[in-house]
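[1] Predicted coordinates and the sequence they were generated for:
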Number of protein chains: 2
Amino acid sequence: MEKTFKIGELALQTGCAVETIRYYEREGLLPPPARSSANYRLYDEAHAERLMFIRRCRSLDMGLAEIQQLLALRATPDGSCGGVNALLDRHIEGLAQRIAELESLRRQLLDLRSLCHETLTAKECGILHGITAGSA
Amino acid sequence: MEKTFKIGELALQTGCAVETIRYYEREGLLPPPARSSANYRLYDEAHAERLMFIRRCRSLDMGLAEIQQLLALRATPDGSCGGVNALLDRHIEGLAQRIAELESLRRQLLDLRSLCHETLTAKECGILHGITAGSA
DNA sequence: AGAAACCCTGTAGCAGCTACAGGGTCAATA
DNA sequence: TATTGACCCTGTAGCTGCTACAGGGTTTCT
């Protein structure tokens, strides 16, 4: 006999909100669990493990679609893991791009900020003029 | 006589999609323009300038609420520009935090990636195991 | 028995758009 | 003149990844 537990307990175990678990089920990331006679969801260890996997992927900023792919790859243990490697590479590349973008933004904002050090009136403020002129 | 133009022309001038312009109006970032007899929106130069300001702020990744504040500050040209400076400082700080987060993620992903260099079967893949074990 | 704590479904909200559907208007061409 | 095509209008739904209800049923504790 496997031990089963209700959604609140699964939420505690995994640090995932109850409503998020139901959301993952709706989105097809978690398979629909068994139901009790009162229609309560009954989970087992396999669900808990799968949910932890999902949460770790999310903490690595992967999207739900990417996670779906990883779960699918994981579900065929004798298949090649080339897809896993490729997915991670793409994800890392995406992150690097986003970081570069944000850094460029930060530099632009620092430049803009340097246009007004004192507190003047708005009409004299170098920042407002800088945005309006727009070297960005 | 001021020259006026329709929404499509404003979109071309500013590089902003027509539906985005209507969206900004709904959100109160752009004042409702005059209308032609056929109920078409009629814009003038002031609208175009304001929209360019908004677009430049967006390109600096500011949120619409932040932009609202800047527009309000700009609208009182004799008021102090201290609020502008503070807003920019907050925004720059937020960016710096987000960059740090993403860089930490990237390092974690690179670590994970290093667990599988060859193409193995999924069940042997160090990455899948790494996610499951979860040092993140 | 009654109240608190849990569970259910379904829907709406967040940001900042984008993409329709289903209509009206206008200019130019055949 | 009729019709095509390009434009405009409103209103609504979709995207991502949840979160927060409302309005009910169930279980558990006292």
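    Done, it's in.
[2] any idea how far the closest residue to DNA strand C within chain A lies from A:Leu95?
    Here chain A gets closest to DNA strand C at one residue, A:Gly8, 2.5 Å apart by CB to the nearest atom of the strand. C-beta here means a position set from N, CA and C on the backbone, and glycine is covered the same way. From A:Gly8 across to A:Leu95, the span is 34 Å (CB to CB, to the nearest Å).
[3] more neighbours, the two?
    A:Leu95 (18 against 12; other CB atoms under 10 Å in any protein chain shown).
[4] so who does A:Thr121 touch?
    Applying CB atoms under 8 Å, 6 or more residues apart in numbering or on different chains, one finds that A:Thr121 lies in contact with B:77-81.
[5] cutoff 10 Å now
    The contact partners of A:Thr121, taken as CB atoms under 10 Å, 6 or more residues apart in numbering or on different chains, are B:76-81.
[6] which residues of chain A score low on pLDDT?
    A:1, A:134-136 (pLDDT under 70).
[7] what does it put close to DNA strand D?
    A:17, A:19-20, A:23, A:36-40, A:58, A:63-65 (CB under 7 Å from any atom of the strand).
[8] Which one of those residues is nearest to A:Ala122?
    A:Gly63 (41.2 Å; CB to CB).
[9] For that closest one, give me its contacts.
    Applying CB under 10 Å, 6+ apart, we find A:Gly63 in contact with A:57, A:69, A:91, A:94.
[10] Quick one: end-to-end distance for stretch A:51-71.
    Stretch A:51-71 has its terminal residues 11 Å apart, counting by CA to CA, to the nearest Å.
[11] So is it next to DNA strand C?
    No: Stretch A:51-71 lies apart from DNA strand C when judged by CB under 7 Å from any atom of the strand; the minimum separation is 13.3 Å.
[12] So for that stretch, what gets flagged as buried?
    The neighbour-count check on stretch A:51-71 (16 or more other CB atoms under 10 Å in any protein chain shown) flags A:51-58, A:60-62, A:66-68, A:70-71 as buried.
[13] so how far is chain B from A:Asp61?
    As judged by CB to the nearest CB, to the nearest Å, A:Asp61 and chain B stand 5 Å apart.
[14] if we can go back for a sec, pretty sure the residue of chain A closest to DNA strand C contacts A:Val18?
    Yes: in this structure, A:Gly8 is within contact of A:Val18 by CB atoms under 10 Å, at 6.1 Å.
[15] Show me what from chain A comes close to DNA strand C.
    With CB under 7 Å from any atom of the strand as the criterion, chain A meets DNA strand C at residues A:6-9, A:11, A:18-19, A:22, A:39-41.
[16] helix/strand/coil for A:Asp61?
    coil (DSSP: H, G, I helix; E, B strand; the rest coil).
[17] how about the nearest residue to it, chain neighbours excluded?
    The shortest distance from A:Asp61 to any non-neighbouring residue, by CB to CB, 6 or more residues apart in numbering or on different chains, is to B:Leu105 (5.3 Å).
[18] about what we covered before: residue contacts, the residue of chain A closest to DNA strand C?
    Contacts for A:Gly8 (CB under 10 Å, 6+ apart) come out as A:18, A:21, A:40-41.
[19] Distance from the longest helix seen in chain A to the middle of the chain?
    Identified as the longest helix of chain A according to DSSP state H is helix A:82-113. Here helix A:82-113 is found 15 Å from its chain centre; the criterion is CA atoms, centre = their mean, to the nearest Å.
[20] other SSEs contacting that helix?
    Applying 3 or more CB pairs under 10 Å, 6 or more residues apart in numbering or on different chains; DSSP states H and E, we find helix A:82-113 packed against helix A:64-75, helix A:126-133, helix B:45-59, helix B:82-113, helix B:126-133.
[21] and A:Leu120, what is it in contact with?
    Counting by CB under 10 Å, 6+ apart, A:Leu120 has contacts A:126-128, B:80-82, B:84-85.
[22] Next: A:Ile21.
    A:7-8, A:10-11, A:14, A:29-30, A:33, A:41, A:43, A:47, A:51, A:54.
[23] Helix A:64-75 and the helix or strand where it lies, what's the angle between them?
    Element membership for A:Ile21 (DSSP states H and E) is helix A:18-26. Relative orientation of helix A:18-26 versus helix A:64-75 (axes from the mean of the first three to the mean of the last three CA atoms, to 10 degrees): 70 degrees.
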